[in-house]
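Q: need a structure here:
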Amino acid sequence: MTPRIEPKAAGFTLVEILVAITLLGLLMAALFGGVQLGVRAWEASEERLDESSRLTTVQGFLRERLAQAYLLEELAPRADARLPFAGEPDRLSFVTLMPEHLGGGFQRMVLAVTAATERSDLAVTWWPAELDDAALDPDALRSRALLADVAELRLAYFGSVGRDQPPTWHEVWEQRALPQLVRVQLRFPDQDVRSWPDLIVRPMIDGQAF
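A: As a prediction, this is how the structure comes out:
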């Protein structure tokens with residue numbers, strides 16, 4: 001009798017299987033890298049949008065407070081009393097009308113860069129304008145950090161400092177009158193991608209010395 005020959009079983013050799021596994025691993029690594037890159041790009045985009053929204057909100061807040069700066073002589077009746085509006089190159093103290101959720105009424109607000117543990121923040125501090133600064137109760141103070149990691153705050157004031165002098169920009173404002181314009185500039189650390197457009201605000205003027 002002629003022996004029956006079984007047909008050879010179809011299949012993959014060990015080498016083919018190893019090659020297929022290697023190619024599959026390379027493909028999965030490439031796909032995973034692409035997903036990671038997409039996630040990082042998405043997160044970076046969201047972070048930029050958040051920072052941009054934050055900057056817009058802070059500019060809006062400062063614009064409203066400076067636009068509602070008031071020159072109230074009854075708040076500084078003495079010659080040695082603090083000026084209702086006193087500006088320095090990196091610090092501004094002024095009286096403004098605050099919304100109800102932030103205390104309401106006339107409040108004295110100080111805008112400056114405050115040094116934290118490992119960074120400097122743009123912050124505001126405020127308290128009721130009628131309180132005597134010399135006997136100010138710490139419990140009456142309220143403060144809020146507006147922006148973190150601020151390298152420098154630059155302030156300038158446009159106006160006339162004398163009856164016969166034309167208005168121009170000044171780094172210091174010590175007049176018993178409000179300036180015509182206030183400019184707020186911010187500089188961030190070198191590696192910071194945030195951008196602060198110059199904020200120029202015209203205060204509400206209810207009194208002039210000249």
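Q: Which elements pack onto the helix or strand of the chain with the lowest mean pLDDT?
A: Considering only helices and strands, the least confidently modelled element of the chain by mean pLDDT, DSSP states H and E is helix 14-67, at a mean of 76. Contact analysis of helix 14-67 by 3 or more C-beta pairs under 8 Å, 6 or more residues apart in numbering; DSSP states H and E lists strand 91-97, strand 142-147, strand 181-187, strand 199-201 as its packing neighbours. (Glycine included, C-beta is placed from N, CA and C.)
Q: give the contact list for the most centrally placed residue in the chain.
A: Taking C-alpha atoms, centre = their mean, the centroid of the chain lies closest to Leu147, which sits 3.4 Å from it. Contact partners of Leu147, counting by C-beta atoms under 8 Å, 6 or more residues apart in numbering, are Arg54, Leu55, Val58, Asp121, Leu122, Leu186.
Q: repeat that for 7 Å
A: Residues near Leu147 by C-beta atoms under 7 Å, 6 or more residues apart in numbering: Val58, Asp121, Leu122.
Q: Ala67 too?
A: Counting by C-beta under 7 Å, 6+ apart, Ala67 makes contact with Val201, Arg202, Pro203, Met204.
Q: can I assume the second one is in contact with Arg183?
A: No - distance between Arg202 and Arg183: 10.8 Å, which falls outside the contact criterion (C-beta atoms under 7 Å).
Q: Can you flag the buried ones in the contacts of Leu147?
A: By neighbour count, with 16 or more other C-beta atoms under 10 Å, the contacts of Leu147 hold Val58, Asp121, Leu122 as buried.
Q: tell me the pLDDT at the residue lying closest to the second one once chain neighbours are set aside?
A: Once flanking residues are discounted, Asp121 sits nearest to Ala145: 4.4 Å by C-beta to C-beta, 6 or more residues apart in numbering. pLDDT, Ala145: 91.
Q: The helix or strand hosting Leu111 to strand 91-97, inter-axis angle?
A: In the assignment (DSSP states H and E), Leu111 maps to strand 106-115. Compare the direction of strand 106-115 with that of strand 91-97 by axes from the mean of the first three to the mean of the last three C-alpha atoms, to 10 degrees and you get 150 degrees.
Q: Sort out which residues of strand 106-115 are buried, please.
A: By 16+ other C-beta under 10 Å, the buried positions in strand 106-115 come out as Phe106, Gln107, Arg108, Met109, Val110, Leu111, Ala112, Val113.
Q: same check, this time on stretch 175-192
A: Here stretch 175-192 shows Gln175, Ala177, Leu178, Pro179, Leu181, Val182, Val184, Leu186 as buried, counting by 16+ other C-beta under 10 Å.
Q: Likewise for stretch 138-153?
A: Applying a neighbour-count criterion of 16+ other C-beta under 10 Å, the buried positions in stretch 138-153 are Leu146, Leu147, Val150, Leu153.
Q: Contacts only, for the third one.
A: Each residue near Val150 by C-beta under 7 Å, 6+ apart is listed here: Val113, Ser120, Asp121, Leu122, Leu186, Phe188.
Q: Alright, that wraps it up for me.
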